[in-house]
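**Student:** Build me a model:
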Amino acid sequence: MTVFGTVGVILLAGMTMLFSSEAWGAEGEESSGIRASAAARNMQKFLGGGESSLGDTDPDFAAMRDKLIYGEIMDRGTLSDAQKTLVTLAALTAAQTLDDFKTHVNAALRAGATPVQIKEAMYQCAPYVGFPRVEASLRLVNETFAERGIALPLESQSTVTEETRYADGLAVQKSIFGDAIDQMHRATPAEQKAIVQNYLSAFCFGDVYTRKGLDLKTRELVTFAAISAFGGCDSQVRSHVQGNLAVGNTKENLIDALAQLLPFMGFPRTLNTLACVNAVAYAKPNN
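**Tutor:** Down below sits the predicted model:
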């Protein structure tokens, strides 16, 4: 009895594992089919269909990538389609992964982002990743616009003059970060004030943040994307998590932006940024 009982248990366990494996396989196949269907739908929506890059030479890789980006991530979250594409452009600019950049510019236009919004998202990156990276992206934006018959230059979105750029920039800076800006200025040594005070307030916030074309919430979201993808900026990421919360973006918005960026910047930078989000917003469960 003991022997037969033991054998019976073993056989039963084996059958259970077999049927569970078959059930899991069926669920996996169903999930794969759902993701593939969603990927095809979203690739048509954002990319206009066509052949998937590397589909002929690396079909497994292309399918893995497409089902993650377009079969899962594009269908979730609180960001609009236009916001998803703008933060993607910001991350690609910061990381200088530009081989497929024009495809994403076209995706942004298809998603409803205007030419002005695309340009302003690029300009917003300049104080955080430098002019050369933005210039490289702008050349590809301009090529894409020319191919689509969008006349350049676009109408200027500037709102400041040489006389007002510092005061206007400081006002925007303080509206986001509050009295901490005054404290930072007081604590800055005289020989460093040009960088920490004058250039930051006048250029970053005066020349850039005061521009029309993107609202403040979107500018902060683009900044968050750019410095997250740039890497090595945890202190600044934490500051701009707070900045995002201050202008009305939520913790959920930031997490959804990170999900959007994950395929383009990988897990290490995504998880580093997520830790910054949690460190700043942990005490604000509604944000």
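
**Student:** switch to C-alpha atoms for all contacts and neighbour counts from now on
**Tutor:** Fine.

**Student:** got any ranges where the stretch 1-150 of the chain has weak pLDDT?
**Tutor:** Judged against pLDDT under 70, the low-scoring parts of the stretch 1-150 of the chain cover residues 1-29.

**Student:** Quick one: the helices in it, in order.
**Tutor:** 2-47, 59-69, 81-95, 101-110, 115-129, 131-147 (DSSP state H, counting those that start in this stretch).

**Student:** and among those helices, the most buried is which?
**Tutor:** Comparing the helices of the stretch 1-150 of the chain on average neighbours per residue, with mean count of other C-alpha atoms under 10 Å, the densest one is helix 81-95 at a mean of 25.

**Student:** for the helices of the stretch 1-150 of the chain, which one sits closest to residue 183?
**Tutor:** Residue 183 lies closest, by C-alpha to C-alpha, to one member of the helices of the stretch 1-150 of the chain: helix 115-129, at 21.6 Å.

**Student:** and for the closest one, what are the contacting residues?
**Tutor:** Helix 115-129 is contacted from outside by 86, 89-90, 93-94, 105, 108-109, 133-134, 137-138, 141, 145, 150, 154, 203-204, 208-209, 213-214, 219, 222-223, 226-227, 230, using C-alpha atoms under 8 Å, 6 or more residues apart in numbering.

**Student:** quick one on the thing from earlier: could you point out which of the helices of the stretch 1-150 of the chain sits nearest residue 159?
**Tutor:** Closest to residue 159 of those, according to C-alpha to C-alpha: helix 115-129, at 13.2 Å.

**Student:** so that closest one versus helix 101-110, what angle?
**Tutor:** Regarding helix 115-129 and helix 101-110, their directions subtend 130 degrees when assessed with axes from the mean of the first three to the mean of the last three C-alpha atoms, to 10 degrees.

**Student:** Nearest to residue 199 among the helices of the stretch 1-150 of the chain would be which one?
**Tutor:** Between the helices of the stretch 1-150 of the chain, helix 115-129 lies closest to residue 199; by C-alpha to C-alpha that is 9.7 Å.

**Student:** the inter-axis angle of that closest one versus helix 81-95?
**Tutor:** Using the same axes, to 10 degrees, the inter-axis angle of helix 115-129 relative to helix 81-95 is 40 degrees.
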